[in-house]
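> mind folding the following:
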Amino acid sequence: MKRAMILACIALAALPSTGFAKAPNHHTSAPRTTHGSDYYTNVNGRSVHRPMRSQSQPSGATARCRDGTWSFSQNHRGTCSHHGGVASWL
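This next block holds a predicted model:
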């Protein structure tokens, strides 16, 4: 019986993690910024201008969204996600 318990403990220790442990947040060290309603805080903690409408390309724009707005996103993931997706990268 004792041997069976020891073997069971060894078997349990060898199983992969179940994912219940909280994963570390690698973005906690990024500085948070205060900004107005025309800005949002991206995944890196940086203040980024929200997509905007303009007849010509605004300074700092990084992509044109399919709905005609200009994006200032600093990451490809999620850019223009609420604007029909990316029409073109600049």
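> where does the prediction get shaky in the chain?
By pLDDT under 70, the low-scoring segments of the chain are 1, 5, 7-36.
> show me where the chain has helices.
For the chain, applying DSSP state H gives helices covering 2-14.
> list the contacts for Val48?
Residues in contact with Val48 (CB atoms under 8 Å, 6 or more residues apart in numbering) are 39-42, 72-74. Any C-beta I mention is one placed from the backbone N, CA and C, and that applies to glycine too.
> try Thr79
62-63, 65, 71, 73, 86.
> can you pick the most crowded of the contacts of Val48?
Compared across the contacts of Val48, Ser73 has the highest neighbour count, 22 neighbours, by other CB atoms under 10 Å.
> looking at the contacts of Val48, which is nearest Ser56?
Closest approach between the contacts of Val48 and Ser56, by CB to CB: Phe72, at 14.8 Å.
> for the closest residue to the closest one other than its chain neighbours, grab the count of nearby residues.
Leaving out its chain neighbours, the residue that sits closest to Phe72 by CB to CB, 6 or more residues apart in numbering is His49, at 4.2 Å. The criterion is other CB under 10 Å. On that basis, His49 has 17 neighbouring residues.
> ok, now how distant is His49 from Lys2?
From His49 across to Lys2, the span is 67 Å (CB to CB, to the nearest Å).
> likewise for Pro51?
Taking CB to CB, one finds Pro51 at 66 Å from Lys2.
> please say which of the two ends up with more neighbours.
Neighbours per residue, other CB under 10 Å: of Pro51 and Lys2, the larger number sits with Pro51, 22 against 6.
> sorry, back to before: can you list the contacts of Thr79 in a markdown table and add distance to Ser56?
Below are those laid out as a markdown table (distance: CB to CB, whole Å):
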| residue | distance to Ser56 |
| --- | --- |
| Thr62 | 15 |
| Ala63 | 15 |
| Cys65 | 15 |
| Ser71 | 15 |
| Ser73 | 19 |
| Val86 | 18 |
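> find the pair from those residues with maximum spatial separation.
Farthest pair in the contacts of Thr79 (CB to CB) is Thr62 and Cys65. Separation: 10.7 Å.
> so what sits against both of those two?
Common neighbours of Thr62 and Cys65 (CB under 8 Å, 6+ apart) are 71, 79.
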